[in-house]
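*Asks:* Pasting the sequence and the predicted model now:
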Amino acid sequence: MKFHSFLVYLRLFLLVLFFSNAIGQTVIIKGIAKEAGGKTITIKSYADNLTFTEQLLAKTVIDSAGNFELTCKIPSTTLAIIHIEYYTGELYIEPNQNLFIEIKNLIFNQKIDRINYNLNPLTCYIKVLTADKNDLNKLIQRLNINYNRFVKDNIFWMKTQRILYKLDTFLLAMKDTFALANNDFFNAYLKYRLASLKLLTNYNDNRKLLIDYIYQKPILYDNVEYMTFLSNLFDNYFEDLTLQVNLSDLMVPVNTNRSCAEALDVLGKDTLLKNEKLREIVFLKTLDVLFASSNFNKKAILEVLKQLSNTSKFDTHKLIARNMIWQYTHFDKGFAAPDFALSNTNDSLVKLSSYKGKIVYLNFYASWCVDCNDEMELIKKLYEKYHDDVEFISISVDRENINMAYLARDRKYKWTFLHFNNDYDLLEKFGVYSYPSFVLIGADGKYIQCPAVLPSGNIEAVLDEILHPGENKKEKK
(Lines give C-alpha, C1' and ligand atoms only; values in the text may rest on other atoms or scores of the structure.)
Protein backbone atom coordinates (compact mmCIF):
# COMPACT_ATOMS: atom_id res chain seq x y z
CA MET A 1 0.00 0.00 0.00
CA LYS A 2 2.81 2.37 0.89
CA PHE A 3 4.51 1.70 -2.46
CA HIS A 4 1.19 2.27 -4.27
CA SER A 5 0.74 5.60 -2.47
CA PHE A 6 4.28 6.59 -3.42
CA LEU A 7 3.51 5.91 -7.11
CA VAL A 8 0.35 8.02 -6.91
CA TYR A 9 2.25 10.95 -5.36
CA LEU A 10 5.03 10.55 -7.91
CA ARG A 11 2.56 10.72 -10.78
CA LEU A 12 0.92 13.81 -9.30
CA PHE A 13 4.33 15.45 -8.86
CA LEU A 14 5.31 14.72 -12.46
CA LEU A 15 1.97 16.06 -13.72
CA VAL A 16 2.41 19.29 -11.75
CA LEU A 17 5.98 19.62 -13.03
CA PHE A 18 4.87 19.01 -16.62
CA PHE A 19 2.07 21.56 -16.55
CA SER A 20 4.16 24.19 -14.75
CA ASN A 21 6.85 23.88 -17.44
CA ALA A 22 4.24 23.94 -20.22
CA ILE A 23 2.61 27.07 -18.82
CA GLY A 24 5.94 28.72 -18.04
CA GLN A 25 8.03 29.91 -15.15
CA THR A 26 7.85 33.32 -13.57
CA VAL A 27 10.12 36.24 -14.43
CA ILE A 28 9.96 39.56 -12.56
CA ILE A 29 11.42 42.63 -14.25
CA LYS A 30 11.75 45.79 -12.19
CA GLY A 31 13.17 48.93 -13.66
CA ILE A 32 13.31 52.64 -14.15
CA ALA A 33 12.64 54.76 -17.23
CA LYS A 34 12.88 58.33 -15.95
CA GLU A 35 11.81 59.99 -19.20
CA ALA A 36 8.69 57.80 -19.56
CA GLY A 37 6.65 58.51 -16.44
CA GLY A 38 2.94 57.89 -17.00
CA LYS A 39 3.46 55.95 -20.23
CA THR A 40 2.55 52.33 -20.93
CA ILE A 41 5.35 49.79 -21.14
CA THR A 42 4.79 46.37 -22.69
CA ILE A 43 6.99 43.33 -22.92
CA LYS A 44 6.41 40.90 -25.74
CA SER A 45 8.08 37.80 -27.12
CA TYR A 46 8.10 36.14 -30.52
CA ALA A 47 5.56 33.34 -30.91
CA ASP A 48 8.18 31.79 -33.18
CA ASN A 49 11.61 32.89 -34.34
CA LEU A 50 10.91 32.44 -38.05
CA THR A 51 7.96 34.81 -38.57
CA PHE A 52 8.75 37.01 -35.53
CA THR A 53 5.05 37.31 -34.74
CA GLU A 54 4.85 39.16 -31.44
CA GLN A 55 2.78 38.02 -28.46
CA LEU A 56 2.13 39.92 -25.25
CA LEU A 57 3.88 38.81 -22.06
CA ALA A 58 3.05 41.68 -19.70
CA LYS A 59 1.93 45.30 -19.66
CA THR A 60 1.86 48.09 -17.07
CA VAL A 61 1.94 51.87 -16.63
CA ILE A 62 5.22 53.49 -15.56
CA ASP A 63 4.70 55.64 -12.46
CA SER A 64 5.44 59.37 -12.33
CA ALA A 65 8.96 58.73 -10.99
CA GLY A 66 9.74 56.35 -13.86
CA ASN A 67 9.48 53.10 -11.89
CA PHE A 68 7.77 49.97 -13.19
CA GLU A 69 7.41 46.25 -12.52
CA LEU A 70 6.51 43.54 -15.02
CA THR A 71 5.72 39.93 -14.19
CA CYS A 72 5.44 37.28 -16.90
CA LYS A 73 5.77 33.55 -17.49
CA ILE A 74 8.09 31.93 -20.02
CA PRO A 75 8.80 28.24 -20.77
CA SER A 76 12.49 28.75 -21.62
CA THR A 77 15.12 31.44 -22.20
CA THR A 78 13.39 34.05 -24.34
CA LEU A 79 14.22 37.14 -26.36
CA ALA A 80 11.80 39.77 -25.05
CA ILE A 81 10.96 43.03 -26.78
CA ILE A 82 10.28 46.09 -24.65
CA HIS A 83 7.92 48.69 -26.16
CA ILE A 84 7.29 52.24 -24.97
CA GLU A 85 5.30 54.01 -27.69
CA TYR A 86 7.47 53.61 -30.80
CA TYR A 87 10.66 52.96 -28.82
CA THR A 88 11.81 49.34 -28.65
CA GLY A 89 14.65 47.45 -27.03
CA GLU A 90 15.67 43.82 -26.59
CA LEU A 91 16.16 41.90 -23.39
CA TYR A 92 16.91 38.22 -22.83
CA ILE A 93 15.01 36.73 -19.92
CA GLU A 94 15.49 33.37 -18.25
CA PRO A 95 12.97 31.28 -16.26
CA ASN A 96 12.73 32.00 -12.51
CA GLN A 97 14.82 35.13 -12.90
CA ASN A 98 14.53 38.56 -11.30
CA LEU A 99 16.00 41.45 -13.28
CA PHE A 100 16.47 45.15 -12.60
CA ILE A 101 16.89 47.29 -15.71
CA GLU A 102 17.32 50.92 -16.67
CA ILE A 103 15.86 52.27 -19.91
CA LYS A 104 17.42 55.38 -21.47
CA ASN A 105 17.47 57.42 -24.69
CA LEU A 106 13.74 58.21 -24.61
CA ILE A 107 12.43 61.50 -26.00
CA PHE A 108 8.71 62.17 -26.35
CA ASN A 109 7.60 65.32 -28.13
CA GLN A 110 5.96 66.54 -31.31
CA LYS A 111 9.32 67.27 -32.93
CA ILE A 112 10.28 63.58 -32.72
CA ASP A 113 6.79 62.62 -33.95
CA ARG A 114 7.30 64.75 -37.06
CA ILE A 115 10.73 63.28 -37.74
CA ASN A 116 9.40 59.76 -37.21
CA TYR A 117 6.19 60.26 -39.21
CA ASN A 118 6.55 56.79 -40.77
CA LEU A 119 6.58 55.18 -37.30
CA ASN A 120 9.94 53.46 -37.59
CA PRO A 121 10.85 51.71 -34.32
CA LEU A 122 13.38 53.84 -32.45
CA THR A 123 15.94 52.02 -30.32
CA CYS A 124 16.06 52.67 -26.59
CA TYR A 125 19.03 51.65 -24.47
CA ILE A 126 18.32 48.89 -21.94
CA LYS A 127 20.91 48.30 -19.25
CA VAL A 128 20.74 45.29 -16.92
CA LEU A 129 21.85 46.48 -13.49
CA THR A 130 23.95 43.60 -12.20
CA ALA A 131 27.58 43.05 -11.24
CA ASP A 132 27.55 39.55 -12.75
CA LYS A 133 29.85 39.64 -15.79
CA ASN A 134 28.38 36.32 -16.94
CA ASP A 135 24.84 37.68 -17.07
CA LEU A 136 23.30 36.51 -20.34
CA ASN A 137 22.47 40.03 -21.56
CA LYS A 138 26.00 41.26 -20.82
CA LEU A 139 27.52 38.29 -22.66
CA ILE A 140 25.35 38.87 -25.72
CA GLN A 141 25.99 42.60 -25.64
CA ARG A 142 29.78 42.05 -25.54
CA LEU A 143 29.58 39.60 -28.43
CA ASN A 144 27.43 41.89 -30.53
CA ILE A 145 29.70 44.87 -29.95
CA ASN A 146 32.69 42.84 -31.18
CA TYR A 147 30.69 41.41 -34.08
CA ASN A 148 29.43 44.82 -35.24
CA ARG A 149 32.90 46.35 -34.92
CA PHE A 150 34.39 43.57 -37.08
CA VAL A 151 31.75 44.08 -39.78
CA LYS A 152 32.18 47.87 -39.71
CA ASP A 153 35.97 47.67 -39.91
CA ASN A 154 35.91 45.18 -42.78
CA ILE A 155 32.82 46.20 -44.71
CA PHE A 156 34.74 46.67 -47.98
CA TRP A 157 36.39 43.25 -47.79
CA MET A 158 33.39 41.10 -46.80
CA LYS A 159 33.09 39.27 -50.13
CA THR A 160 36.79 39.09 -50.95
CA GLN A 161 39.50 36.50 -50.24
CA ARG A 162 41.26 39.02 -48.02
CA ILE A 163 38.54 38.64 -45.38
CA LEU A 164 39.26 34.95 -44.75
CA TYR A 165 42.42 35.44 -42.70
CA LYS A 166 40.82 38.32 -40.78
CA LEU A 167 37.77 36.19 -40.07
CA ASP A 168 39.82 33.23 -38.85
CA THR A 169 41.59 35.54 -36.40
CA PHE A 170 38.27 36.99 -35.22
CA LEU A 171 36.67 33.57 -34.76
CA LEU A 172 39.55 32.39 -32.59
CA ALA A 173 39.46 35.61 -30.56
CA MET A 174 35.72 35.23 -29.85
CA LYS A 175 36.11 31.61 -28.80
CA ASP A 176 38.90 32.59 -26.41
CA THR A 177 36.94 35.59 -25.08
CA PHE A 178 33.91 33.50 -24.18
CA ALA A 179 35.64 30.21 -23.34
CA LEU A 180 34.44 30.34 -19.73
CA ALA A 181 30.83 31.29 -20.51
CA ASN A 182 28.72 28.73 -18.65
CA ASN A 183 25.34 29.28 -20.32
CA ASP A 184 23.94 26.79 -22.82
CA PHE A 185 21.73 29.40 -24.50
CA PHE A 186 24.64 31.81 -24.96
CA ASN A 187 27.01 29.12 -26.23
CA ALA A 188 24.49 28.19 -28.95
CA TYR A 189 23.91 31.90 -29.65
CA LEU A 190 27.68 32.41 -30.02
CA LYS A 191 28.04 29.40 -32.33
CA TYR A 192 25.32 30.54 -34.74
CA ARG A 193 26.22 34.23 -34.54
CA LEU A 194 29.69 33.29 -35.81
CA ALA A 195 28.13 30.95 -38.37
CA SER A 196 26.11 33.91 -39.67
CA LEU A 197 29.37 35.80 -40.14
CA LYS A 198 30.71 32.90 -42.20
CA LEU A 199 27.56 33.06 -44.31
CA LEU A 200 27.91 36.80 -44.73
CA THR A 201 31.52 36.55 -45.91
CA ASN A 202 31.21 33.45 -48.11
CA TYR A 203 33.69 31.74 -45.78
CA ASN A 204 32.14 28.42 -46.82
CA ASP A 205 29.59 27.57 -49.49
CA ASN A 206 26.00 27.11 -48.32
CA ARG A 207 26.11 23.34 -48.54
CA LYS A 208 29.17 23.13 -46.30
CA LEU A 209 27.52 25.47 -43.79
CA LEU A 210 24.39 23.32 -43.83
CA ILE A 211 26.45 20.22 -43.04
CA ASP A 212 28.51 21.93 -40.34
CA TYR A 213 25.71 23.73 -38.50
CA ILE A 214 22.28 22.25 -39.34
CA TYR A 215 22.49 18.69 -40.68
CA GLN A 216 21.87 15.97 -38.06
CA LYS A 217 21.81 18.55 -35.27
CA PRO A 218 18.93 19.57 -32.98
CA ILE A 219 16.65 22.33 -34.28
CA LEU A 220 16.92 25.14 -31.71
CA TYR A 221 13.53 26.77 -32.23
CA ASP A 222 13.88 28.96 -29.12
CA ASN A 223 17.31 30.34 -30.00
CA VAL A 224 16.82 33.40 -32.18
CA GLU A 225 20.37 33.30 -33.56
CA TYR A 226 20.02 29.67 -34.68
CA MET A 227 16.74 30.45 -36.45
CA THR A 228 18.18 33.62 -38.00
CA PHE A 229 21.12 31.64 -39.38
CA LEU A 230 18.82 28.93 -40.77
CA SER A 231 16.54 31.54 -42.34
CA ASN A 232 19.41 33.43 -43.98
CA LEU A 233 21.03 30.21 -45.16
CA PHE A 234 17.91 29.21 -47.09
CA ASP A 235 17.12 32.66 -48.50
CA ASN A 236 18.81 31.74 -51.80
CA TYR A 237 19.74 28.11 -51.19
CA PHE A 238 17.55 26.59 -53.93
CA GLU A 239 18.67 29.10 -56.56
CA ASP A 240 21.88 27.07 -56.93
CA LEU A 241 21.24 25.11 -60.14
CA THR A 242 23.95 22.57 -59.26
CA LEU A 243 21.87 21.15 -56.38
CA GLN A 244 19.56 18.15 -56.59
CA VAL A 245 16.57 20.47 -55.99
CA ASN A 246 15.94 24.05 -57.10
CA LEU A 247 12.97 26.41 -57.02
CA SER A 248 11.64 25.44 -60.43
CA ASP A 249 11.08 21.88 -59.13
CA LEU A 250 8.45 23.28 -56.77
CA MET A 251 6.36 24.92 -59.50
CA VAL A 252 4.09 21.93 -60.19
CA PRO A 253 3.66 20.68 -56.58
CA VAL A 254 2.89 24.19 -55.27
CA ASN A 255 1.43 26.22 -58.14
CA THR A 256 -0.43 23.49 -60.03
CA ASN A 257 -1.23 20.69 -57.60
CA ARG A 258 -1.22 22.81 -54.44
CA SER A 259 0.05 19.79 -52.52
CA CYS A 260 2.12 20.11 -49.36
CA ALA A 261 2.98 16.39 -49.43
CA GLU A 262 4.24 16.52 -53.04
CA ALA A 263 6.36 19.60 -52.36
CA LEU A 264 7.94 17.96 -49.30
CA ASP A 265 8.69 14.86 -51.38
CA VAL A 266 10.51 17.05 -53.89
CA LEU A 267 12.63 18.67 -51.15
CA GLY A 268 13.41 15.17 -49.87
CA LYS A 269 15.44 14.55 -53.03
CA ASP A 270 18.12 16.71 -51.43
CA THR A 271 20.13 14.15 -49.45
CA LEU A 272 20.73 16.67 -46.65
CA LEU A 273 16.98 17.16 -46.16
CA LYS A 274 15.95 13.55 -45.63
CA ASN A 275 15.11 14.26 -42.00
CA GLU A 276 11.38 15.05 -41.87
CA LYS A 277 11.57 17.74 -39.19
CA LEU A 278 14.43 19.62 -40.86
CA ARG A 279 12.79 19.32 -44.27
CA GLU A 280 9.55 20.85 -42.97
CA ILE A 281 11.19 23.85 -41.30
CA VAL A 282 13.21 24.46 -44.49
CA PHE A 283 9.99 24.15 -46.50
CA LEU A 284 8.31 26.76 -44.32
CA LYS A 285 11.20 29.14 -44.91
CA THR A 286 11.09 28.36 -48.63
CA LEU A 287 7.36 29.11 -48.82
CA ASP A 288 8.10 32.51 -47.29
CA VAL A 289 10.62 33.12 -50.10
CA LEU A 290 8.13 31.91 -52.72
CA PHE A 291 5.36 34.17 -51.40
CA ALA A 292 7.48 37.18 -52.40
CA SER A 293 8.13 35.72 -55.87
CA SER A 294 6.03 36.74 -58.87
CA ASN A 295 6.48 33.22 -60.27
CA PHE A 296 4.41 31.55 -57.56
CA ASN A 297 0.69 31.84 -56.89
CA LYS A 298 -0.02 33.39 -53.49
CA LYS A 299 -3.35 31.60 -53.06
CA ALA A 300 -1.66 28.29 -53.82
CA ILE A 301 1.01 28.99 -51.17
CA LEU A 302 -1.69 29.83 -48.63
CA GLU A 303 -3.45 26.56 -49.40
CA VAL A 304 -0.22 24.59 -48.97
CA LEU A 305 0.45 26.37 -45.67
CA LYS A 306 -3.05 25.53 -44.46
CA GLN A 307 -2.43 21.86 -45.24
CA LEU A 308 0.83 21.93 -43.30
CA SER A 309 -0.82 23.70 -40.34
CA ASN A 310 -3.34 20.84 -40.15
CA THR A 311 -1.22 17.79 -40.94
CA SER A 312 2.29 18.39 -39.59
CA LYS A 313 3.48 16.05 -36.84
CA PHE A 314 5.31 18.95 -35.21
CA ASP A 315 3.35 21.49 -33.14
CA THR A 316 5.96 24.23 -33.67
CA HIS A 317 5.60 23.87 -37.44
CA LYS A 318 1.83 24.09 -37.17
CA LEU A 319 2.24 27.31 -35.19
CA ILE A 320 4.70 28.79 -37.71
CA ALA A 321 2.38 27.92 -40.61
CA ARG A 322 -0.57 29.59 -38.86
CA ASN A 323 1.53 32.67 -38.11
CA MET A 324 2.64 32.88 -41.74
CA ILE A 325 -0.97 32.68 -42.93
CA TRP A 326 -1.96 35.39 -40.45
CA GLN A 327 0.88 37.68 -41.51
CA TYR A 328 -0.01 37.30 -45.18
CA THR A 329 -3.77 37.76 -44.80
CA HIS A 330 -4.78 39.70 -41.68
CA PHE A 331 -5.28 42.94 -43.62
CA ASP A 332 -7.04 41.23 -46.53
CA LYS A 333 -10.62 41.85 -47.55
CA GLY A 334 -12.97 39.82 -45.37
CA PHE A 335 -10.72 39.76 -42.29
CA ALA A 336 -12.42 41.12 -39.15
CA ALA A 337 -11.24 44.60 -38.14
CA PRO A 338 -10.17 44.83 -34.47
CA ASP A 339 -12.54 46.65 -32.15
CA PHE A 340 -11.56 49.67 -30.10
CA ALA A 341 -13.05 52.06 -27.53
CA LEU A 342 -11.72 55.63 -27.83
CA SER A 343 -12.76 59.03 -26.50
CA ASN A 344 -14.53 61.53 -28.76
CA THR A 345 -14.57 65.34 -28.54
CA ASN A 346 -17.11 65.12 -25.67
CA ASP A 347 -14.84 62.70 -23.77
CA SER A 348 -17.34 59.86 -24.30
CA LEU A 349 -16.13 56.39 -25.26
CA VAL A 350 -16.94 55.29 -28.80
CA LYS A 351 -16.63 51.67 -29.95
CA LEU A 352 -15.97 50.68 -33.55
CA SER A 353 -18.31 47.71 -33.11
CA SER A 354 -21.22 50.08 -32.46
CA TYR A 355 -21.15 51.00 -36.16
CA LYS A 356 -21.84 47.48 -37.42
CA GLY A 357 -24.46 47.63 -40.12
CA LYS A 358 -22.83 50.70 -41.67
CA ILE A 359 -19.76 51.18 -43.84
CA VAL A 360 -16.92 52.89 -41.94
CA TYR A 361 -14.24 55.04 -43.57
CA LEU A 362 -11.54 55.34 -40.93
CA ASN A 363 -8.53 57.59 -41.04
CA PHE A 364 -5.55 58.22 -38.77
CA TYR A 365 -4.11 61.72 -38.85
CA ALA A 366 -1.90 64.23 -37.03
CA SER A 367 -2.73 67.95 -36.85
CA TRP A 368 0.85 68.84 -37.83
CA CYS A 369 0.72 66.64 -40.97
CA VAL A 370 0.19 68.74 -44.12
CA ASP A 371 -1.05 65.81 -46.22
CA CYS A 372 -3.49 64.88 -43.45
CA ASN A 373 -5.01 68.34 -43.53
CA ASP A 374 -5.34 68.28 -47.31
CA GLU A 375 -7.13 64.93 -47.18
CA MET A 376 -9.37 66.21 -44.37
CA GLU A 377 -10.77 68.91 -46.63
CA LEU A 378 -11.67 66.22 -49.17
CA ILE A 379 -13.34 64.15 -46.44
CA LYS A 380 -15.56 67.16 -45.81
CA LYS A 381 -16.94 66.83 -49.35
CA LEU A 382 -17.26 63.06 -49.04
CA TYR A 383 -19.20 63.46 -45.80
CA GLU A 384 -21.74 65.74 -47.46
CA LYS A 385 -22.32 63.17 -50.19
CA TYR A 386 -22.22 59.86 -48.29
CA HIS A 387 -22.99 60.53 -44.59
CA ASP A 388 -26.33 58.68 -44.78
CA ASP A 389 -24.57 55.45 -45.83
CA VAL A 390 -20.99 55.81 -44.60
CA GLU A 391 -19.67 56.59 -41.12
CA PHE A 392 -16.59 58.81 -41.29
CA ILE A 393 -14.23 58.52 -38.31
CA SER A 394 -10.97 60.43 -37.91
CA ILE A 395 -8.57 59.26 -35.19
CA SER A 396 -6.06 61.82 -33.94
CA VAL A 397 -2.54 60.65 -33.09
CA ASP A 398 -1.58 64.00 -31.54
CA ARG A 399 -0.05 63.75 -28.08
CA GLU A 400 -2.71 66.10 -26.67
CA ASN A 401 -6.33 65.21 -27.36
CA ILE A 402 -7.32 68.87 -27.06
CA ASN A 403 -5.86 69.38 -30.55
CA MET A 404 -8.49 66.99 -31.90
CA ALA A 405 -11.34 69.00 -30.39
CA TYR A 406 -9.95 72.33 -31.62
CA LEU A 407 -9.44 71.07 -35.17
CA ALA A 408 -12.96 69.64 -35.47
CA ARG A 409 -14.52 72.76 -33.97
CA ASP A 410 -12.50 75.40 -35.82
CA ARG A 411 -12.96 73.80 -39.23
CA LYS A 412 -16.59 72.87 -38.59
CA TYR A 413 -16.07 69.21 -39.41
CA LYS A 414 -19.27 67.27 -38.66
CA TRP A 415 -18.10 63.67 -38.61
CA THR A 416 -16.77 61.65 -35.64
CA PHE A 417 -13.38 62.54 -34.17
CA LEU A 418 -11.58 60.28 -31.70
CA HIS A 419 -8.21 60.29 -29.94
CA PHE A 420 -5.97 57.21 -30.10
CA ASN A 421 -5.18 57.45 -26.39
CA ASN A 422 -1.45 57.05 -27.10
CA ASP A 423 -2.12 53.40 -27.96
CA TYR A 424 0.59 52.47 -30.44
CA ASP A 425 -0.61 48.87 -30.47
CA LEU A 426 -3.83 50.19 -32.04
CA LEU A 427 -1.83 51.70 -34.91
CA GLU A 428 -0.06 48.39 -35.44
CA LYS A 429 -3.35 46.49 -35.45
CA PHE A 430 -4.64 48.65 -38.32
CA GLY A 431 -1.38 48.61 -40.24
CA VAL A 432 -0.74 52.33 -39.76
CA TYR A 433 2.86 53.02 -40.81
CA SER A 434 2.55 56.66 -41.86
CA TYR A 435 0.10 59.54 -41.80
CA PRO A 436 -2.48 59.95 -43.17
CA SER A 437 -3.63 56.33 -43.23
CA PHE A 438 -7.10 55.14 -44.27
CA VAL A 439 -9.10 51.94 -43.70
CA LEU A 440 -12.43 50.97 -45.26
CA ILE A 441 -14.59 48.61 -43.21
CA GLY A 442 -17.77 46.92 -44.37
CA ALA A 443 -21.15 46.84 -42.65
CA ASP A 444 -20.23 43.36 -41.36
CA GLY A 445 -17.21 44.76 -39.47
CA LYS A 446 -14.72 43.21 -41.89
CA TYR A 447 -12.08 44.93 -43.99
CA ILE A 448 -12.92 46.04 -47.49
CA GLN A 449 -9.56 47.75 -47.94
CA CYS A 450 -6.66 48.03 -45.49
CA PRO A 451 -4.99 50.30 -46.33
CA ALA A 452 -7.79 52.03 -48.21
CA VAL A 453 -7.70 54.41 -51.14
CA LEU A 454 -7.22 58.00 -50.01
CA PRO A 455 -9.86 60.66 -50.71
CA SER A 456 -7.43 62.18 -53.22
CA GLY A 457 -7.06 58.74 -54.82
CA ASN A 458 -10.77 58.63 -55.77
CA ILE A 459 -12.30 56.66 -52.91
CA GLU A 460 -15.63 57.83 -54.37
CA ALA A 461 -15.39 55.20 -57.10
CA VAL A 462 -14.94 52.49 -54.47
CA LEU A 463 -17.83 53.74 -52.34
CA ASP A 464 -20.14 54.10 -55.36
CA GLU A 465 -19.41 50.53 -56.43
CA ILE A 466 -20.20 49.24 -52.93
CA LEU A 467 -23.37 51.29 -52.49
CA HIS A 468 -24.61 51.03 -56.09
CA PRO A 469 -22.93 47.97 -57.63
CA GLY A 470 -22.80 47.90 -61.41
CA GLU A 471 -24.24 51.39 -61.95
CA ASN A 472 -20.93 52.93 -63.01
CA LYS A 473 -20.46 50.22 -65.63
CA LYS A 474 -23.93 50.86 -67.01
CA GLU A 475 -23.23 54.60 -67.27
CA LYS A 476 -19.98 53.96 -69.15
CA LYS A 477 -21.82 51.73 -71.63
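*Replies:* Thanks, I have the structure now.
*Asks:* From now on I want contacts and neighbour counts done on CA atoms only, so please keep to that.
*Replies:* Noted.
*Asks:* what helix or strand is K30 on?
*Replies:* strand 25-32 (DSSP states H and E).
*Asks:* how close does Y386 sit to T88?
*Replies:* Look at Y386 and T88: by Cα to Cα, to the nearest Å, they are 41 Å apart.
*Asks:* Sorry, slip of the keys, the one I care about is D374.
*Replies:* 32 Å.
*Asks:* Give the residue from these two that has the larger number of neighbours.
*Replies:* T88 (19 against 13; other Cα atoms under 10 Å).
*Asks:* partners of that one in the sheet?
*Replies:* H83, T123 (DSSP bridges).
*Asks:* List the contacts of it.
*Replies:* For T88, the residues meeting the contact criterion (Cα atoms under 8 Å, 6 or more residues apart in numbering) are I81, I82, P121, L122, T123, C124.
*Asks:* what's near enough to touch the residue nearest to the spatial centre of the chain?
*Replies:* Taking Cα atoms, centre = their mean, the centroid of the chain lies closest to T53, which sits 4.1 Å from it. Residues in contact with T53 (Cα under 8 Å, 6+ apart) are Y46, A47, N323, Q327.
*Asks:* again with P338
*Replies:* Counted by Cα under 8 Å, 6+ apart, P338 has contacts K429, F430.
*Asks:* mind checking pLDDT for it?
*Replies:* For P338, the pLDDT comes out at 96.
*Asks:* what secondary structure does it sit in?
*Replies:* coil (DSSP: H, G, I helix; E, B strand; the rest coil).
*Asks:* Same question for Y189.
*Replies:* helix.
*Asks:* Begin at 387 from now on, thanks
*Replies:* Okay, using 387 as the starting number, the last item reads as Y575.
*Asks:* Was I right to think it contacts Y612?
*Replies:* Yes. Under the criterion of Cα atoms under 8 Å, Y575 makes contact with Y612 at 6.7 Å.
*Asks:* And the two? Which one has more around it.
*Replies:* With neighbours defined as other Cα under 10 Å, Y575 and Y612 compare such that Y612 has more, 23 against 20.
*Asks:* List the residues that contact E488.
*Replies:* Contacts of E488 by Cα under 8 Å, 6+ apart are G417, I418, A419, I512, K513, V514, L515.
*Asks:* could you measure K798 against Q496, distance?
*Replies:* From K798 to Q496 the distance is 25 Å (Cα to Cα).
*Asks:* quick one, which of these two is more surrounded?
*Replies:* Set side by side, K798 and Q496 show more neighbours around Q496, with 14 against 10, by other Cα under 10 Å.
*Asks:* Was I right to think the more buried one contacts E786?
*Replies:* No. Counting by Cα under 8 Å, Q496 does not reach E786; the two are 9.8 Å apart.
*Asks:* Quick one: neighbours of S740, just the number.
*Replies:* 12.
*Asks:* In the stretch 437-586 of the chain, what residue spans correspond to helices?
*Replies:* Ranges of helices within the stretch 437-586 of the chain are 496-501, 522-539, 548-563, 570-587, based on DSSP state H, counting those that start in this stretch.
*Asks:* Ok, which of those comes nearest E814?
*Replies:* Evaluated over the helices of the stretch 437-586 of the chain, closeness to E814 peaks at helix 496-501, with 15.9 Å, by Cα to Cα.
*Asks:* what comes up buried for the closest one?
*Replies:* D499 (16 or more other Cα atoms under 10 Å).
*Asks:* At which residues are the helices of the stretch 687-836 of the chain located?
*Replies:* 701-715, 756-772, 788-796, 810-815.
*Asks:* which residues are contacting the first one?
*Replies:* Read it as helix 701-715. Residues contacting helix 701-715 (Cα under 8 Å, 6+ apart): 434, 436-437, 439, 666-667, 670, 674, 688, 691-692, 694-698, 721.
*Asks:* And those, which of them are buried?
*Replies:* 434, 436-437, 439, 666-667, 670, 674, 688, 691-692, 694-695, 698, 721.
*Asks:* which one of those residues sits closest to K766?
*Replies:* Once Cα to Cα is applied, the member of those that ends up nearest K766 is F721, at 28.0 Å.
*Asks:* I'd say the closest one and Y833 touch.
*Replies:* Yes. Here F721 reaches Y833: they are 5.6 Å apart, a contact under Cα under 8 Å.
*Asks:* quick one: stretch 551-564 to chain centroid distance?
*Replies:* Centroid separation for stretch 551-564 versus its chain: 33 Å, with Cα atoms, centre = their mean, to the nearest Å.
*Asks:* what does that stretch contact?
*Replies:* Residues contacting stretch 551-564 (Cα under 8 Å, 6+ apart): L529, F536, L580.
*Asks:* Could you report the neighbour count for the second one?
*Replies:* The criterion is other Cα under 10 Å. On that basis, F536 has 15 neighbouring residues.
*Asks:* Contact partners for it?
*Replies:* F556.
*Asks:* what about it, distance to A559?
*Replies:* F536 is 11 Å from A559, by Cα to Cα.
*Asks:* show me the residues around A838 that make contact.
*Replies:* A838 touches S823, F824, V825, L826, I845, counting by Cα under 8 Å, 6+ apart.
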